[in-house]
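Engineer: next comes the sequence, and after it the predicted model I'd like to discuss.
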Amino acid sequence: MTDIATIARDIEPEVNSLGFDLVRVAMIGGASDPTLQVMAERRDTRQLDLADCEAISRRLSDWLDSHDPIEGSYRLEVSSPGIDRPLTRLKDYADWAGYDARISLKEPRGERKQFSGTLEGVNADNVKLTDKSGAAHLLPFSEIASAKLLLTDKLINATAPLSTEGADSIQTIED
């Protein structure tokens with residue numbers, strides 16, 4: 001069995017040395033076709049372009065080949081977290097305060113296991129969220145199973161690409 005937390009801890013310095021932050025490491029797919037998924041972002045822009053993915057992929061491929069932490073064959077997938085990104089670090093909740101998110105807890109709190117609303121930041125090791133009814137919730141970070149930003153116009157505008165050069169013109173090659 002692959003220990004993803006250990007792999008994430010071990011590859012994080014490799015990703016950091018290239019000037020990126022590690023967002024998430026996960027093993028996805030079934031036993032017959034496993035993929036090691038690595039999400040990273042630039043510290044300054046929170047974006048990643050194809051050249052960035054290639055650089056991270058090369059560095060991690062070399063590291064994974066030399067350390068061989070995963071038994072059997074697998075694929076390596078390096079990507080940006082995307083617009084409706086997962087929230088995996090406590091700092092993500094502070095960084096994305098003011099945006100809508102969906103948070104699922106490991107165990108129900110009262111009768112609820114899922115909370116959606118606007119992130120209000122963090123308080124110590126707790127995530128603050130205000131739901132659509134205006135109710136405020138303080139959710140312990142350690143009790144969060146998964147969380148992600150919700151796709152809204154506000155989020156789309158905030159995460160627009162730094163460069164859209166060439167995006168409005170498509171060139172075709174004619175015979």
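Structural biologist: Nice, I can see it. Numbering: from 1, shown residues only.
Engineer: quick check: buried residues in the helix or strand that contains P108?
Structural biologist: Taking DSSP states H and E as the criterion, P108 maps to strand 100-109. Under the neighbour-count criterion of 16 or more other CB atoms under 10 Å, strand 100-109 has 100-103, 105 buried. In short, each C-beta sits where N, CA and C put it, glycine included.
Engineer: could I get these as CSV with distance to V15 and pLDDT?
Structural biologist: Below are these laid out as CSV (distance: CB to CB, whole Å; pLDDT from 0 to 100):
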residue, distance to V15, pLDDT
D100, 28, 97
A101, 24, 98
R102, 26, 98
I103, 25, 98
L105, 28, 97
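Engineer: pLDDT of the longest helix belonging to the chain, averaged?
Structural biologist: For the chain, the helix reaching the highest residue count under DSSP state H is reported as helix 50-67. Across helix 50-67, the average pLDDT comes to 96.
Engineer: R112: neighbour count?
Structural biologist: Here the number of neighbours of R112 (other CB atoms under 10 Å) works out to 11.
Engineer: apologies, that question was intended for L149.
Structural biologist: Neighbours of L149 under the rule other CB under 10 Å: 22.
Engineer: quickly run through the sheet partners of the longest strand seen in the chain, with directions.
Structural biologist: Longest among the strand segments of the chain by residue count, using DSSP state E, is strand 112-123. Its sheet considered, strand 112-123 pairs with strand 100-109 (antiparallel), strand 126-131 (antiparallel) by DSSP bridges.
Engineer: good, wrapping up.
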